[in-house]
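Fold the stuff below for me.
(one chain, ligands or ions: 2)
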Amino acid sequence: MAETIVNPVTIDELESLARQKLPKNVYDYYASGADDQKCLIRNRAAFDRILIRPRVMVDVSKVDTSTRLFSVEYPFPIAFAPSAMQKLAHPQGEESVARAAQRLGVNMTISSQSTTSLEDIASLMPNTPDGPERWFQLYVTENSALSTPLIKRAANAGYTALVITVDTPLLGNRINERKTPLVLPSNLHLANYKGSEKTKADNYRPSQERQLLDAPTAAQAKQVVRDAGGSIHSSSLTWTETISWLRSATSMKIILKGVMTEEDAELAVKHGVDAIVVSNHGGRQLDSAPATIEALPSIAAATKGQIPILFDGGVRHGSDVFKAIALGADLVLVGRPVLWGLAYDGQIGVELVANILERELSRTMALAGIPNIRGIDKKFLGLRRRDGFGIARL
Ligand SMILES: Cc1cc2nc3c(=O)[nH]c(=O)nc-3n(C[C@H](O)[C@H](O)[C@H](O)COP(=O)(O)O)c2cc1C
Ligand SMILES: CC(C)CC(=O)C(=O)O
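Residues are numbered from 1 along each chain as shown. Ligands and ions are numbered 1, 2, ... in the order given. Okay, here's the model as predicted:
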């Protein structure tokens with residue numbers, strides 16, 4: 001019989017507890033990757049190949065995990081990634097995540113597909129000049145004009161950046177989700193679309209995505225989208241048109257989430273975006289995509305510090321945060337861990353996630369001989385060789 005976990009002290013333990021609490025279809029929706037789960041697994045496995053080369057005889061009696069991004073100081077370089085429909089995990093869903101972020105001074109991005117309205121979340125996170133920024137993630141709709149009211153609402157509510165997810169021209173092939181379908185219970189709704197101009201796309205429900213995934217041919221899938229009045233995910237974003245349209249629609253910062261190659265990172269710089277998130281959507285989109293930690297070094301080399309690099313995918317330990325920073329990330333986002341904390345114990349559970357990662361990061365820094373975030377560098381990393389013995393320098 002599995003051992004009962006009483007006081008979870010790792011993210012993996014929190015996941016086990018969340019799994020016990022959540023309905024199977026919700027756990028499957030949260031936990032799954034696309035297709036054969038290879039990218040999901042790769043995200044983690046790639047971290048485990050990277051070793052940290054500890055230096056000794058360094059004064060680490062004080063370890064400072066604080067960092068700055070866009071002139072805001074954060075207590076540690078960890079932020080909450082956007083994830084849809086958080087009330088499936090806990091009755092207070094996004095509210096609990098927002099309260100935890102506010103209490104800890106953590107940066108948070110809310111998903112446009114949230115079960116709490118962007119205004120209600122904003123009201124829990126008053127803007128202060130040097131407080132944590134809160135950002136709004138947007139799936140640009142097929143008909144981009146339908147996204148304009150949401151962009152304006154986000155700006156009016158005080159969000160300081162739009163995080164445009166660019167890795168989702170359509171949803172990845174989530175096999176588990178197809179087998180145990182996720183249907184939003186009738187007491188929950190996608191709150192940002194409720195009561196807005198009525199189009200079928202605004203009334204998007206997960207079932208539309210399911211029909212899409214199950215359509216036997218690509219042509220039939222297109223018909224599902226047409227019948228629904230357009231998809232929530234535009235499949236026709238382009239560098240020039242989309243960025244200039246976004247710039248004309250808002251003065252919020254524009255952050256592109258889902259950049260995985262140096263070519264696209266260079267284009268992001270060229271088109272003047274404010275930051276990028278190196279992300280493969282937690283392995284939920286292209287199953288053959290590299291692990292994000294593998295993609296990060298060449299992206300950091302290509303952008304040459306011209307714009308901040310945010311990072312997510314498979315971060316479950318403070319040492320993963322350390323490795324991502326060493327390879328060029330300025331801020332490290334966690335997706336599923338927040339959902340596990342939320343399912344475990346609402347706001348307290350989400351705070352626990354941040355506390356676990358912060359303490360692990362701080363301990364890793366001390367054991368590696370690096371007293372502050374600026375000192376974390378790839379010279380402290382090594383790569384376990386796949387064949388032969390020993391470690392290669394990164
Ligand atoms: C259940 C779930 C829902 C998600 N919803 C969104 C979303 O609405 N918008 C978005 O840009 N990314 C979404 N993501 C992706 C996350 O923002 C993030 O990229 C990913 O979870 C990071 O990987 P990790 O879960 O291994 O930390 C979602 C991820 C999960 C697991
Ligand atoms: C509602 C979905 C499109 C949210 C999402 O991004 C995901 O499930 O990965």
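
Quick check: residues of the stretch 51-200 of the chain near ligand 1?
Within reach of ligand 1 by CB under 6 Å from any ligand atom, the stretch 51-200 of the chain has these residues: Ala81, Pro82, Ser83, Ala84, Ser111, Gln113, Gln137, Thr165. In short, each C-beta sits where N, CA and C put it, glycine included.

Now do the last one, the pLDDT please.
Going back to what we said before, that points to Thr165. You'll see Thr165 listed with a pLDDT of 98.

From Arg336, how far off is it?
16 Å (CB to CB, to the nearest Å).

Distance to Thr238 and secondary structure for the residues of the stretch 51-200 of the chain next to ligand 1 - can I get that in TSV?
Below are these laid out as TSV (distance: CB to CB, whole Å; DSSP: H, G, I helix; E, B strand; the rest coil):
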residue	distance to Thr238	secondary structure
Ala81	25	coil
Pro82	23	coil
Ser83	27	coil
Ala84	25	coil
Ser111	23	coil
Gln113	23	coil
Gln137	20	strand
Thr165	15	strand
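
which ones among these come in contact with ligand 2?
Among these, the residues within reach of ligand 2 (CB under 6 Å from any ligand atom) are Ala84, Gln113.

Next, give me the two most distant ones among the residues of the stretch 51-200 of the chain next to ligand 1.
Of all pairs drawn from these, the one with the longest distance (CB to CB) is Ala81 and Gln113, at 13.0 Å.

Any chance you could list what contacts stretch 66-81?
With CB atoms under 8 Å, 6 or more residues apart in numbering as the test, stretch 66-81 has contacts from 65, 97, 100-101, 104-109, 130-133, 160, 253, 274, 279, 282, 308, 310, 312, 321, 325, 329-335, 338, 350, 354, 357-358, 361-362, 373.

burial count for the residue of the stretch 51-200 of the chain at minimum distance from ligand 2?
As assessed by CB to the nearest ligand atom, ligand 2 sits closest to Ala84 within the stretch 51-200 of the chain, at 3.6 Å. Ala84 has 20 neighbours, counted by other CB atoms under 10 Å.

before we move on, what about the one 5 residues further on?
One way to gauge burial is a neighbour count; for Ala89, by other CB under 10 Å, it gives 29.

hang on, it packs against Pro23?
No - counting by CB atoms under 8 Å, Ala89 sits too far from Pro23 to count as a contact (10.3 Å).

before we move on, the earlier item: which residue packs closest to the residue of the stretch 51-200 of the chain closest to ligand 2, ignoring adjacent ones?
Closest residue in space to Ala84, ignoring its immediate chain neighbours: Gln113 at 3.7 Å, by CB to CB, 6 or more residues apart in numbering.
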